[in-house]
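> take a look and give me a structure for this.
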Amino acid sequence: MYFPPEFQVLFLILLAAFGWSANLRILSAAGIRVGSILQLRVSPGAHTDEATTASRLWQDVARLARVLSAIAVAGWLLCVVSPTSDKRTGIALGTYLIIFAVLLLPRRALCHSVRMQFLGLLARIAKPSFSDPVYLADIVIADILTSCARMFGDVLRIFCRFGLFLWPQERSDQNRHTGLDALAGLIREQHERSACTGTGIIDLVLVGAPYAFRLRQCINEYLKAPPASSDARRHMANAIKYASSFPVIALSTTQRQVAVDGVMETKYSDWMLRTAYGMWVAAVTFNSLYSFYWDIAFDWDLGYTAQGWRPSDLVAPAEQSSKEQMPGEQLSREQLRYRDTHAASPFEALARDLPQHAELHPRIQAPFLRPHLCFKKRSIYYATMATDLLLRITWAAKLSPYIQIDRMAFGSFWLNALEIFRRWQWTFLRIEKEEAASIRQSVCV
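Numbers count the residues shown, from 1 in each chain. Have a look, this model is predicted:
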């Protein structure tokens, strides 16, 4: 089946868009205030209730994704029936240009508010500032971008091929007049693929960019936190997590470059490759396990023991004044007023929506779960933790040149799809944790 990288990347991006729409729809159906938590609006200055905002958001995202999917599928089908590689490359280029044009449509056109919000989020994430506030929507989208990081390198190679198509190299007159156009086209296509494989430092920069964005956000929050506080330790530990991704990316790129260049003829080169591979194994193991720990301990606030100890205490023990209240403890009117007026972030101020008689309801705590959950089915949390660990380890295999995933039939595509699925389920519990922390109730649904 003809399924080139140009359309693999498109379909993966659209899969992530549909997943984001499903996140918004399912979370809002569960009673979680997605629009308020993420500070997303259906249109600038619009004042609508939470249910209407959430419904409009996921519907607009899904509508835009359906339109872009129709364009991508039409372009792919045209490529399937096209006889030559030049025509297929031209159709793929045209598909990309049409999609870019749709995303930049003028005001009052297709889902304008969603498109502008998304582009604004990207601009805010990429802005190299250590003074601007960091919102939860920026964090979630930047984390989603880290799951798409490998695709940034693929996009570089795709645009390299488009460049060779628009500005082709000189072809010999012999190939033009021998009647072997089809064979010449096949050889030319293979040459273009090989010419765009060894992208080196640019590939390294593009793949590492999403992690650099998150690292900048962590440093930003660290600088704003009180010195030597629990929040400062947490943000610094989070920054270390994203910084640990760079050795993995650099060592993976180095090994691939050696394989492409064929510099493996001497014992010295072989020794260097084995050393780099050993360093890569150590780096990817640390990064994967540390990231899994962070998902459990901080992003989802899970892993509690029966005695109330939580894994986040290993890195940033909660200060006595900021510890979460025990089940059954009532939130007084003065506490609510203080939390509204002294909120450190826009999300802490969500507690103002609580009625004045709000009370925490005790729940029999299950192993490794926090006392307050927004989903009734505890199996959701256990299944998410298990698949998160499994898929983090599976995703690590994509970075190794010794595990030839890319040589399998669409192996790279399926690994990217699995990572998007992992991030999709991660998003549910990341936003659910914010809701549970805001309303301090054991059951939201």
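> surely Pro367 is in a helix?
No: when classified by DSSP: H, G, I helix; E, B strand; the rest coil, Pro367 is found to be coil rather than part of a helix.
> what's the nearest residue to it if we skip its chain neighbours?
Ala306 (7.5 Å; C-beta to C-beta, 6 or more residues apart in numbering). All C-beta spots, glycine's among them, are computed from the backbone N, C-alpha and C.
> helix, strand, or coil at the one you found?
Assignment for Ala306 (three-state DSSP): coil.
> what distance do you get for it to Glu435?
24 Å (C-beta to C-beta, to the nearest Å).
> Tyr2 in helix, strand or coil?
coil.
> an error on my part: the question was meant for Ile32.
coil.
> do Lys376 as well
With three-state DSSP as the criterion, Lys376 reads coil.
> residues near it, how many?
Other residues lying near Lys376 total 11 when counted by other C-beta atoms under 10 Å.
> likewise the one 5 residues further on?
Taking other C-beta under 10 Å as the criterion, the count of residues near Tyr381 is 21.
> quick one, which of Ala306 and Glu435 is more surrounded?
Glu435 (22 against 8).
> top helix in this structure by residue count?
helix 50-81 (DSSP state H).
> tell me what that one is packed against?
Helix 50-81 sits against helix 5-29, helix 34-38, helix 85-103, helix 112-126, with contacts defined as 3 or more C-beta pairs under 8 Å, 6 or more residues apart in numbering; DSSP states H and E.
> relative to Tyr277, which of those is closest?
For the helices and strands packed on helix 50-81, proximity to Tyr277 was assessed by C-beta to C-beta; helix 5-29 is nearest, at 25.6 Å.
> which parts of that closest one are buried?
For helix 5-29, burial by neighbour count (16 or more other C-beta atoms under 10 Å) applies to 5-25, 27-28.
> re the thing from before, got the angle for the longest helix of the chain vs helix 85-103?
160 degrees (axes from the mean of the first three to the mean of the last three C-alpha atoms, to 10 degrees).
> list the buried residues in helix 50-81.
For helix 50-81, using 16+ other C-beta under 10 Å, the buried residues are 50, 53-62, 64-65, 68-69, 71-72, 75-76, 78-79.
> same question for stretch 150-168.
Neighbour count says stretch 150-168 has 150-158, 160-162, 164-165 buried, by 16+ other C-beta under 10 Å.
> ok, Ser55 - contacts?
By C-beta atoms under 8 Å, 6 or more residues apart in numbering, the contact set of Ser55 is Ser28.
> that one and Leu24, how far apart?
For Ser55, the distance to Leu24 - C-beta to C-beta - is 9 Å.
> run through the stretch 201-350 of the chain and note the low-pLDDT ranges.
256-269, 318-350 (pLDDT under 70).
> show me where it has helices.
Using DSSP state H, counting those that start in this stretch, the helices assigned to the stretch 201-350 of the chain run over residues 201-224, 230-243, 245-261, 267-294, 333-341.
> tell me which other helices or strands the second one touches.
So the one you mean is helix 230-243. helix 201-224, helix 267-294.
> give me the residue at the spatial middle of the chain.
The centroid of the chain falls nearest to Ile144 when counting by C-alpha atoms, centre = their mean (1.3 Å).
> would you confirm that that one contacts Leu15?
No: between Ile144 and Leu15 there is no contact under C-beta atoms under 8 Å: 11.7 Å.
> quick one, what contacts Val9?
Taking C-beta under 8 Å, 6+ apart as the test, what Val9 contacts is Met151, Asp154, Val155, Ile158.
> state the distance from it to Cys148.
In terms of C-beta to C-beta, Val9 sits 9 Å off from Cys148.
> and the pLDDT for Gly179?
pLDDT recorded at Gly179 is 49.
> ditto for the one 3 residues further on
Each residue has a pLDDT score; the one for Ala182 is 56.
> same question, Cys79
For Cys79, the predicted pLDDT is 92.
> assign a three-state SS to Leu110, would you?
coil.
> and it, its phi and psi?
phi -50, psi 110 (degrees, to the nearest 10).
> Ala437: helix or strand, and which one exactly?
Taking DSSP states H and E as the definition, Ala437 sits inside helix 411-439.
> relative orientation of that helix and helix 5-29 in degrees?
20 degrees.
> what's helix 411-439 packed up against?
Packed next to helix 411-439, using 3+ C-beta pairs under 8 Å, 6+ apart, are helix 5-29, helix 34-38, helix 136-147, helix 149-166, helix 379-397.
> mind putting those into CSV with mean pLDDT and distance to Phe428?
CSV is the format used below for the helices and strands packed on helix 411-439 (pLDDT from 0 to 100; distance: least, C-beta to C-beta, whole Å):
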stretch, mean pLDDT, distance to Phe428
helix 5-29, 94, 6
helix 34-38, 88, 11
helix 136-147, 94, 11
helix 149-166, 87, 21
helix 379-397, 87, 7
